[in-house]
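[1] prediction below, plus the sequence it came from.
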Amino acid sequence: MSYRTTMRNGLWDQNVVFSQMLGMCPTMAVTTSGTNGLGMGLATTVVLVGSNAIVAAVRELVSPHVRIPVYIVLIATLVTIVDMSLNAWMHDLYRVLGLFIALIVVNCAVLGRAEAFASRSTVLASAFDGLCMGMGFTGSLTLIGLIREFIGMGTLFSQASLLLGPRFAFLETRVPGEYGGVLMMVLPPAGFLVLGFLLAAKQVLERRYAAAAGIATNPDGEQAAAGCH
Amino acid sequence: MTLPLAEWRTRFAYQPLSLGFAALVTSAALTFANQLTKPGIQAAEERDLQTSLEEVLPAGYADNSLLKDAVTIPDAAGQDVIVYRTRKAGSVNGAVFRTSARGYAGHIVVLIGVDTQGTILGARVIKHQETPGLGDKIEATKTGWIRGFEGKSLSSPPAEKWAVKKDGGVFDQFAGATITPRAVVKAVKEGLAFYASHRDEIVSDGKRQGSGV
């Protein structure tokens, strides 16, 4: 598989949230604000790159019968080490991200990539796949977070400077005037609502693209829609 | 002589052994990482605690290291409370400790700083699971409500006024959330009562200094 396809898959065609529908637990739990979504996405990306690379490196050694427990042990170890290192050496960042990192273990997208890609690809290709999947995940979570935050509290990227450093304080914006916000949007049900609307929007986009591509006798669009399940 | 790896992989014994080996290697890696990060994590957590303790005191109120000057005292319910003494030029001038009460969802933990007379220097909610947008107005980063406790003591306002306005007291409640501020008021009041009944123990100039750390 070419790097181009890998990137396309990660960002759109097989997007972790919107196509594979994996990692729903962290997706629903942390997307109450854009900053939280971004933080969770970035932390997951780091773990995905690492876990994919490690799994690819040992893929010849692991027999098919015990591969799942071996991958889980490897992923859990990696997450725990990332958690401890951040806590010890980047404590300010840990105070913001700490909540999310332990949650990465239960993100089945990480195991999913190990199983579907890294176990049959080279280390480099796997690390690249982890990066692309991670970026797709980060983008999706940030988008959901921003929508929920904007409607729910009338802010965008609140507390971004805590995550990215004071230089990014300009990202923090507020709706002018007195906007109380719609509380439900930051409560769990709205996570499903927003995800549902975004999924529908993605389908519409893909259908239009496929229809247009069909006239232009480009089968690529058809494949894209088929890869979405 | 040596079988190719692909063939070894199909053997029965290879399965438990490889899984065991993976567990062994990862455990070793975790042990190593734990050793490596332990001092850093400990230092960072102490820094965090020190910062949160100082937040409930006016700037420059204490010149001692609060973490090294703590006593453990059981409260009325038998729970151990760690009380950090504050000192200026060697003599005790106040204390910082945690107090808690049941809120709308789980316990709300409040850290309060008091002077020797039992007047509140500052209070902060350090842990809660109240509803975002309603109950979380007790956080100092959201509203200034928690600052309303500063300067209050058990005698001012009088005991029966230690309640939210809805219950005839002096403290504001929030629109849509009465249980949360009620719990915080209760926690702070109980904290002050705890301090009053153990004041001598805490203020008596540190004969048991450091025993609680």
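    Everything's here; your move.
[2] excluding its backbone neighbours, what's nearest the residue of chain B found nearest chain A?
    Chain B approaches chain A most closely through B:Gly40 (2.9 Å), counting by Cβ to the nearest Cβ. (Glycine included, C-beta is placed from N, CA and C.) In this structure, B:Gly40 finds its nearest non-sequential neighbour in A:Ala88, 2.9 Å apart by Cβ to Cβ, 6 or more residues apart in numbering or on different chains.
[3] still on that earlier bit, pLDDT of the helix or strand harbouring the residue of chain B closest to chain A, averaged?
    Per DSSP states H and E: B:Gly40 is located in helix B:14-55. The pLDDT scores in helix B:14-55 average 91.
[4] likewise stretch A:47-55?
    Model confidence over stretch A:47-55, given as mean pLDDT, is 95.
[5] now do the contacts for B:Leu121.
    By Cβ atoms under 8 Å, 6 or more residues apart in numbering or on different chains, the residues touching B:Leu121 are B:56-58, B:61, B:94, B:113-115, B:150.
[6] kindly apply the preceding question to A:Met40 instead.
    Going by Cβ under 8 Å, 6+ apart, A:Met40 touches A:26, A:30-31, A:97, A:100, A:103, A:141.
[7] rerun that using 10 Å as the cut-off
    A:Met40 makes contact with A:23, A:26-27, A:29-31, A:97, A:99-101, A:103-104, A:107, A:137-138, A:141-142, A:145, according to Cβ atoms under 10 Å, 6 or more residues apart in numbering or on different chains.
[8] is it true that B:Arg182 touches B:Lys166?
    Yes - using Cβ atoms under 10 Å, B:Arg182 makes contact with B:Lys166 at a distance of 8.1 Å.
[9] identify the contacts common to these two.
    B:Gln173.
[10] could you check how far the closest residue to A:Val175 other than its chain neighbours is from A:Val106?
    Closest residue to A:Val175 apart from its sequence neighbours, by Cβ to Cβ, 6+ apart: A:Gly154 at 3.9 Å. Distance check for A:Gly154 against A:Val106: by Cβ to Cβ, to the nearest Å, it reads 31 Å.
[11] who has more neighbours, those two?
    Using other Cβ atoms under 10 Å in any protein chain shown, the more surrounded residue of A:Gly154 and A:Val106 is A:Gly154, with 18 against 14.
[12] chain A: helices as residue ranges?
    Using DSSP state H, the helices found in chain A span residues A:3-8, A:24-30, A:34-57, A:67-89, A:91-101, A:108-116, A:123-153, A:160-164, A:188-215, A:220-226.
[13] tilt between the strand of greatest length in chain B and helix B:14-55?
    Taking DSSP state E as the criterion, chain B has its longest strand at strand B:91-102. On the basis of axes from the mean of the first three to the mean of the last three Cα atoms, to 10 degrees, strand B:91-102 is oriented at 120 degrees to helix B:14-55.
[14] outside of stretch B:190-204 itself, list whatever touches it.
    In contact with stretch B:190-204 (Cβ under 10 Å, 6+ apart) are residues B:71, B:73-77, B:81, B:83-85, B:91-95, B:97-101, B:110-112, B:114, B:116-120, B:123, B:149, B:152-155, B:159, B:162, B:207-208.
[15] ok, now with 8 Å
    With contacts defined as Cβ under 8 Å, 6+ apart, stretch B:190-204 is touched by B:71, B:73, B:75-76, B:81, B:83, B:85, B:92, B:95, B:97-99, B:101, B:110, B:112, B:114, B:116, B:118, B:120, B:153-154.
[16] thinking again about what came up before, make a markdown table out of the contacts of B:Leu121 and add neighbour count and secondary structure.
    Listed next are these as a markdown table, based on neighbours: other Cβ atoms under 10 Å in any protein chain shown; DSSP: H, G, I helix; E, B strand; the rest coil:
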| residue | neighbour count | secondary structure |
| --- | --- | --- |
| B:Val56 | 26 | coil |
| B:Leu57 | 21 | coil |
| B:Pro58 | 13 | coil |
| B:Tyr61 | 18 | coil |
| B:Gly94 | 25 | strand |
| B:Gly113 | 26 | strand |
| B:Val114 | 27 | strand |
| B:Asp115 | 17 | strand |
| B:Glu150 | 14 | coil |
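[17] can you list the residues of chain B near chain A?
    Taking Cβ under 8 Å from any Cβ of the partner chain as the criterion, chain B approaches chain A at residues B:5, B:9-10, B:14-16, B:18-19, B:22-23, B:26, B:29-30, B:33-34, B:36-41, B:44, B:47-48, B:131-134.
[18] buried subset of those, written for ChimeraX?
    Those of those that count as buried under 16 or more other Cβ atoms under 10 Å in any protein chain shown are selected in ChimeraX with:
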select /B:9,14,15,18,19,22,26,33,37,40,41,44,131,133
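[19] circling back to that earlier point, mean confidence for the following helix or strand past the helix holding B:Gly40?
    Next along the chain after helix B:14-55, taking DSSP H and E as the criterion, comes strand B:70-74. The average of the pLDDT scores along strand B:70-74 is 86.
[20] now stretch B:100-112
    In this model, stretch B:100-112 has a mean pLDDT of 90.
[21] cool, and stretch A:9-25?
    86.
[22] domain ranges for chain B?
    For chain B, the structural domains run B:1-55, B:56-203, going by automatic domain parsing.
[23] closest one to A:Leu199 among the ones you listed?
    domain B:56-203 (24.8 Å; Cβ to Cβ).
[24] that closest one: how far from the chain's middle?
    Relative to its parent chain, domain B:56-203 has a centroid offset of 11 Å by Cα atoms, centre = their mean, to the nearest Å.
[25] quick one: the closest residue to B:Ala22 other than its chain neighbours from B:Ala6, how far?
    Distances taken as Cβ to Cβ, 6+ apart place A:Val70 nearest to B:Ala22, at 4.7 Å, with adjacent residues excluded. To B:Ala6, A:Val70 is 17 Å away according to Cβ to Cβ.
[26] so which of those two has more stuff around it?
    Comparing A:Val70 with B:Ala6 by other Cβ under 10 Å, the one with more neighbours is A:Val70, at 22 against 9.
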